[in-house]
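Engineer: Quick one: sequence and predicted model below, then my questions.
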2 protein chains.
Amino acid sequence: MPTVVLIGTLDTKGREHLFMRDCLLAAGLDVVLVDIGVLAEPPVSPDVTAAEVAAAAGASLDALRFTREGSDTRAVALAAMERGATSIVRRLHAQGRCDAMLGAAGSGGSTVISGVMRAMPLGMPKLLVSTMAASAAAFFGTRDITIMHSVTDIAGLNRVSTMILRNAALAVAGMVNGRELTDGGGKPLVAITMFGVTTPGVLRVQERLEQAGFDTIVFHAVGSGGRAMEQMIDDGLIDGVVDYTISELTDEHLGGVFGAGPDRLTAAGRRGLPQVVVPGAIEVLNFGPRATVPRRFDVPERRLIVHNPHVCAVRTTQSEAVELARILSGKLNRATGPTAVLLPLQGLDSYQQRPDGPFIDEEADAAFFAELRRTLRPNIPCREEPLNINHPVFADAVAETFLTFWRERRDRPEAKP
Amino acid sequence: MPTVVLIGTLDTKGREHLFMRDCLLAAGLDVVLVDIGVLAEPPVSPDVTAAEVAAAAGASLDALRFTREGSDTRAVALAAMERGATSIVRRLHAQGRCDAMLGAAGSGGSTVISGVMRAMPLGMPKLLVSTMAASAAAFFGTRDITIMHSVTDIAGLNRVSTMILRNAALAVAGMVNGRELTDGGGKPLVAITMFGVTTPGVLRVQERLEQAGFDTIVFHAVGSGGRAMEQMIDDGLIDGVVDYTISELTDEHLGGVFGAGPDRLTAAGRRGLPQVVVPGAIEVLNFGPRATVPRRFDVPERRLIVHNPHVCAVRTTQSEAVELARILSGKLNRATGPTAVLLPLQGLDSYQQRPDGPFIDEEADAAFFAELRRTLRPNIPCREEPLNINHPVFADAVAETFLTFWRERRDRPEAKP
């Protein structure tokens, strides 16, 4: 029988979780009830106690419970319970005892529960009923979490709260019970990164790959997109990568707003996936509205484009471009699978469209290309095309490079069918 | 057979909605497919076309479609489609052909679809798969909307997107198919408004009412709470009101951050519900962090309390207090049901705790009480107690006043059983 991990602060919200447990049991599901409350003994007996959760984080519940009130203490307790619960739910999942997660919480509980949910695989149903609608964005992270607005405080069972909590339990039951209804299809899946200024090239690559029998999945390279892609690769959901837009490296290195963390452009190499990399938009450093550009970048020597009211783009300098070439080659040199680089010499995005694109800087770009060639591992092919990144012939060359990798891979005996 | 209204911009996301339709049909549900796309003809034929949606808003789809690109044009089209779709889905609901709503959308579509969902009753399942996790708070509003983070763009069916869209459809199917599993209970439900500084009094009222056989539902009076309560009263979900914290009137009148709109404190009176009103915290005007208090309120003559790093409270002046008394009596004088006011002469919240609460201002409060008595309709009882609002004897008097109304109501022949 499929099992739902039902998780909450049972000291303050015990009745509500028992109500949801009844709904899940009535829908024919098993339930593992996990307590993450640190304030008091719960009025119900859970399957996993708060003391066990604390212990899984190497902490003592008594210590978490009896420390004096204060925001640091509270934060320490929440962090410990999140760590412990993540470890326990991961173990339940590995044992086949977590087919879905459900919880209902206020501010602190939503933080802990969404943290555990973010550690669970994509596609596993995870539903959080939360009073903290305003913080939903932070709870989602890069995971397919479902958040139901509780509307009222989660404090008592009444005509309104039972309606909402029942819907939450039934939604999870529907997801779990219907799991086998349809099939996701078996085509190999290629991830592609995109910006507005690289869109024509990406659409062309996408079209070519779909004609060749692939599914594609496009990520908007604004930080969250790159992070989600790296995570999906690590989850084993992606079969190949065309990394066509990598200015997340620039933002990460120079403090722009679209950084995707230090692990960007590592997962495909680590897992040995075929990847074709184009340094699209790497000359672009992104900030928010015009007024938020830091003073050190807001100088007359720098070119600056107000992309829209929310995004302002700054052109990198030659020395920054050279540093970025080294960062890129450092990442690619560690790749364990087939890897190639294609360089569009007539512009890395539509900001560099010839003849008069505002971000054209021949010297800086030439230095970037030269440093990249100099520092890349010799057995990583680095092909140049005298075209803009959005030119269809360039995009076709990228798609063809990927398809060649794929064919060679399939010809090797260890490749999957 | 229960029916799900499936709504989306079918011109750009037709395939994805057809996929979800198949999932819903496989789960044994009927589907009404509504198109709100204004860019092009959809590749599928919906049950309600975009032209019909536009017409329901008194607009022509051609006009919406062919106007030149530009943010105003786009906003006009979105507003028209939201208006039209709301009217159509409301009609479907009245005809018993909308048991749930489901949609998947990016930025513009999420705005339209969540707007329609906010117009639908509480408890009716409403699930939106959205790429715009960061805007989730705005999409929820005061409704029990469920938002599933799409993680990737909603652009194509692949291994990842089918997993997520299938879960969305199955969650809705679970909610609809399980509707009769359990029962919400039949106790009458009393709404109570609360602030941190009125909490002891509210908890005492709540305890008294629950002992007397009522369910209670508490709203945090920070704008969203008051709005949600007014809407639930209008939805017929609430049987009586103890309005114990009304500084949302102050914020609405003077431009604070916790305003709840002009309709606050009107729904109970309009629907004839028994209501007991205590002007809790009405002397408090709320702003965000200390630095955000507007200059005209940040003057030495005003008392100001940093409640926490996120909230700064400003004491109203005597003339403002008198205006607020008139606003309050103006609202209560229009009430059609049993209405009473109780005045805690020793302080409207814990900021006015005797002997030295920082917001004590005997003159301003006396002027407020006098103006309220002078302007209230004579047949609205206005009782005074020489106690603080958080004193248990005061809270008991409030609860007893409500219970008396309830008993009198039940004794009248037209009262519901």
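Structural biologist: It's in.

Engineer: Run a quick neighbour tally on the closest residue to residue A:169 other than its chain neighbours.
Structural biologist: The shortest distance from residue A:169 to any residue other than its chain neighbours is 3.5 Å, reached at residue A:23 (C-beta to C-beta, 6 or more residues apart in numbering or on different chains). Yep, even glycine has a C-beta here, placed from its N, CA and C like the rest. Look at residue A:23: counted by other C-beta atoms under 10 Å in any protein chain shown, it has 24 neighbours.

Engineer: ok, now residue A:346?
Structural biologist: For residue A:346, the neighbour count with other C-beta under 10 Å is 19.

Engineer: what does the one 5 residues further on give?
Structural biologist: Counted by other C-beta under 10 Å, the residues lying close to residue A:351 total 20.

Engineer: helix or strand for residue A:343, which one?
Structural biologist: Using DSSP states H and E, residue A:343 maps to strand A:339-344.

Engineer: Mind listing residues that contact that strand?
Structural biologist: A:269, A:274-280, A:332, A:369, A:372, A:376, A:380-385, A:387-389, A:391, A:394, A:397-398, A:401, A:405 (C-beta atoms under 8 Å, 6 or more residues apart in numbering or on different chains).

Engineer: what do you get for stretch A:392-401?
Structural biologist: So stretch A:392-401 is contacted by A:200-202, A:204-205, A:208-209, A:212, A:242, A:244, A:276, A:278, A:340, A:342, A:344, A:381, A:383, A:385, A:387-389 (C-beta under 8 Å, 6+ apart).

Engineer: Can you tell me which of those residues are buried?
Structural biologist: In terms of neighbour count (16 or more other C-beta atoms under 10 Å in any protein chain shown), the buried residues within these are A:201-202, A:204-205, A:208-209, A:242, A:244, A:276, A:278, A:340, A:342, A:344, A:385, A:387-389.

Engineer: Looking at those, which are in strands?
Structural biologist: Counted as lying in strands by DSSP state E, out of the buried ones among the contacts of stretch A:392-401, are A:242, A:276, A:340, A:342, A:344, A:385.

Engineer: which one of those sits closest to residue B:306?
Structural biologist: The nearest member of those to residue B:306, counting by C-beta to C-beta, is residue A:242 at 52.6 Å.

Engineer: Just give the nearest non-adjacent residue to that closest one, would you?
Structural biologist: In space, residue A:242 is closest to residue A:192, 4.7 Å off (C-beta to C-beta, 6+ apart).

Engineer: and what of residue A:119?
Structural biologist: residue A:86 (4.8 Å).

Engineer: In a helix, the one you found, correct?
Structural biologist: Yes - counting by DSSP: H, G, I helix; E, B strand; the rest coil, residue A:86 is located in a helix.

Engineer: Next up, the contacts around it.
Structural biologist: A:115-116, A:119.

Engineer: closest to residue B:250 among those?
Structural biologist: Looking across those and measuring by C-beta to C-beta, the closest to residue B:250 is residue A:115, at 37.2 Å.

Engineer: Does the closest one touch residue A:80 like I think?
Structural biologist: No - using C-beta atoms under 8 Å, residue A:115 is not in contact with residue A:80, being 11.5 Å away.

Engineer: of these two, who's got more company?
Structural biologist: Each of residue A:115 and residue A:80 had its neighbours counted (other C-beta under 10 Å), and the higher figure belongs to residue A:80 (24 against 18).

Engineer: The more buried one and chain B, how far apart?
Structural biologist: Distance, residue A:80 to chain B, by C-beta to the nearest C-beta, to the nearest Å: 24 Å.

Engineer: now residue A:147, what's its secondary structure?
Structural biologist: Per three-state DSSP, residue A:147 ends up strand.

Engineer: which residues sit in contact with it?
Structural biologist: With contacts defined as C-beta under 8 Å, 6+ apart, residue A:147 is in contact with A:127-130, A:133, A:136, A:139-140, B:136, B:146-149.

Engineer: What is the nearest of those residues to residue B:44?
Structural biologist: Nearest to residue B:44 among these: residue B:148, at 22.1 Å, using C-beta to C-beta.

Engineer: Is it correct that residue A:216 falls within a strand?
Structural biologist: Yes - judged by three-state DSSP, residue A:216 forms part of a strand.

Engineer: Okay, and the beta partners of it?
Structural biologist: residue A:190 (DSSP bridges).

Engineer: if we can go back for a sec, tell me the one of the ones in strands among the buried ones among the contacts of stretch A:392-401 nearest residue B:100?
Structural biologist: Relative to residue B:100, the closest of those is residue A:242; by C-beta to C-beta it sits at 38.5 Å.

Engineer: State whether the closest one and residue A:189 are indeed in contact, as I suppose.
Structural biologist: No - Residue A:242 lies out of contact with residue A:189 (C-beta under 8 Å); the separation is 11.6 Å.

Engineer: one step back: show me which of the contacts of residue A:147 are buried.
Structural biologist: A:127-130, A:133, A:136, A:139-140, B:136, B:146-149.

Engineer: Redo those residues as a markdown table? Include pLDDT.
Structural biologist: Below are those laid out as a markdown table (pLDDT from 0 to 100):
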| residue | pLDDT |
| --- | --- |
| A:127 | 94 |
| A:128 | 94 |
| A:129 | 93 |
| A:130 | 90 |
| A:133 | 76 |
| A:136 | 84 |
| A:139 | 85 |
| A:140 | 87 |
| B:136 | 84 |
| B:146 | 93 |
| B:147 | 91 |
| B:148 | 92 |
| B:149 | 89 |
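
Engineer: Reformat those residues as TSV; add distance to residue B:361.
Structural biologist: Below are these laid out as TSV (distance: C-beta to C-beta, whole Å):
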residue	distance to residue B:361
A:127	48
A:128	44
A:129	42
A:130	38
A:133	35
A:136	40
A:139	42
A:140	45
B:136	41
B:146	46
B:147	44
B:148	50
B:149	48
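
Engineer: just curious, which of those residues is nearest to residue B:250?
Structural biologist: So of those, ranked by how close each gets to residue B:250 (C-beta to C-beta), first place is residue A:133, at 23.7 Å.
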